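Need coordinates for the below:
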Amino acid sequence: MNSGEVIPDAQDKMNQVKKVLIIIFFFNIAVALAKFIYGVISKSAAMQADGLHSIFDSAGNVVAIIGITFASMPADKSHPYGHGKFETYASAFIGILLTLAGINIFSNAVKVLVSGQVETVVTPISFVVIIFTLIINIFVTVYEHKQAKKYKSDLLGADALHTLSDVIVSISVIISLILVSLGFELADPFVSLLVAAAIFYSAWEIFKKANSTLSDQARIASSEIYDSAIEVSGVKEVHAIRTRGSNDLVYADLHVLVDPEISVYLGHEIAVEVEQKLKDDFDVIRDVVVHIEPYNTQQLVKGDDESV
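Here you go, the predicted model:
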């Protein structure tokens with residue numbers, strides 16, 4: 001049985017996520033231009049790498065905005081479960097952008113190390129630029145992380161991780177500038193290699209989260225669903241519990257065993273109560289399918305975690 005209920009706050013959640021992404025986009029553009037332009041002027045490979053990373057942050061924001069726009073589209077005949085996975089596709093694409101940025105930074109750093117030609121010019125302005133942009137990035141990371149938790153958004157979570165990697169990059173650049181100013185010129189490309197490693201790690205974390213959704217990994221433990229459903233009056237046993245979806249949009253289905261002597265109407269009422277109970281206990285559940293079966297002493301006992 002399927003409730004078919006339309007969740008009124010789902011569209012509002014998508015709109016709020018989009019607003020957050022638009023705000024962050026403008027912050028990232030400002031940060032990217034400041035770092036990259038000064039990186040070119042000062043001939044700092046690390047700062048250019050940092051600026052390039054921030055440019056990819058901005059590109060990632062555009063991808064995220066497009067993704068959330070598609071994800072907010074209502075369900076239709078071709079997509080009866082809605083378009084929520086577009087949000088996950090967008091987060092995965094952000095991971096791809098991060099990977100490309102990491103490859104670019106890594107290859108440039110290797111070229112500098114091989115050639116041995118370092119032309120970085122460090123001035124007090126270098127530190128002013130990077131520290132100022134670092135403060136902005138920290139603010140953006142904290143803000144976006146809080147919004148990701150508030151709206152349980154995989155996309156905002158991926159983008160927050162993306163911005164966090166930018167914070168790590170900026171801190172690395174500051175260390176690089178200090179070392180170069182002390183005479184360790186090769187510190188610049190070596191720090192760029194560390195930056196690339198941090199970016200690759202962030203990309204890997206994003207891919208893992210996206211895979212959890214796209215591979216239909218279970219989102220709620222079967223035992224937790226069982227404990228909730230079994231509390232409903234008239235439910236004798238529960239099994240074949242399955243969940244899938246994203247962190248904030250979970251679909252569940254289960255088999256509920258009831259007294260074989262009750263009417264179809266009463267069985268339906270029990271199913272409706274189970275649906276509502278699960279939605280009340282787990283606010284991330286958007287839809288529940290309940291299959292009613294007759295109970296007898298041969299049925300499965302608690303602890304059965306079979307998916308079929």
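
which residue sits farthest out from the middle of the protein?
Distance from the C-alpha centroid of the chain peaks at Glu261, with 47.4 Å (CA atoms, centre = their mean).

what about that one, is that helix, strand or coil?
Glu261 carries the three-state label coil when classified by DSSP: H, G, I helix; E, B strand; the rest coil.

Contacts only, for it.
Not one residue lies near Glu261 by CB atoms under 8 Å, 6 or more residues apart in numbering. Where C-beta positions appear, they are placed from N, C-alpha and C, glycine not excepted.

Just the pLDDT for it.
Here, the pLDDT recorded for Glu261 equals 90.

ditto for Ser228
94.

contacts for stretch 79-97?
By CB under 8 Å, 6+ apart, stretch 79-97 touches 10, 56, 59-60, 63-64, 66-68, 70-75, 153-155, 157-159, 162, 203-204, 206-207, 209-210, 213-214, 245-246, 249, 251, 287.

hmm, which of these are the buried ones?
10, 56, 59-60, 63-64, 66-68, 71-72, 153-155, 157-159, 162, 203, 206-207, 209-210, 213, 245-246, 249, 251, 287 (16 or more other CB atoms under 10 Å).

Mind checking which of these land in helices?
Within the buried ones among the contacts of stretch 79-97, residues falling in helices by DSSP state H are 10, 56, 59-60, 63-64, 66-68, 71, 154-155, 157-159, 162, 203, 206-207, 209-210, 213.

which residues are contacting the helix or strand hosting Asp227?
Using DSSP states H and E, Asp227 sits within helix 222-229. Outside of helix 222-229, the residues within contact range by CB under 8 Å, 6+ apart are 235, 238, 241-243, 252, 254, 256, 274, 277-278, 281-282, 302-303, 305.

between those residues, which is nearest Ile125?
Here the nearest of the contacts of helix 222-229 to Ile125, counting by CB to CB, is Phe282; it sits at 52.7 Å.

So Ile241, which state does it fall into?
strand.

how close does it sit to Ile292?
Separation of Ile241 from Ile292 (CB to CB, to the nearest Å): 14 Å.

the more surrounded of these two?
Taking neighbours as other CB atoms under 10 Å, Ile241 and Ile292 compare with Ile241 leading, 23 against 19.

okay, that one: pLDDT?
pLDDT, Ile241: 94.

so it touches Val274, yeah?
No - using CB atoms under 8 Å, Ile241 makes no contact with Val274, being 11.3 Å away.

Please identify every residue contacting each of those two.
Common contact partners of Ile241 and Val274 (CB under 8 Å, 6+ apart): Leu254.

any low-confidence regions in this protein?
1-11, 44-47, 49-50, 53, 56-57, 117-123, 297-308 (pLDDT under 70).
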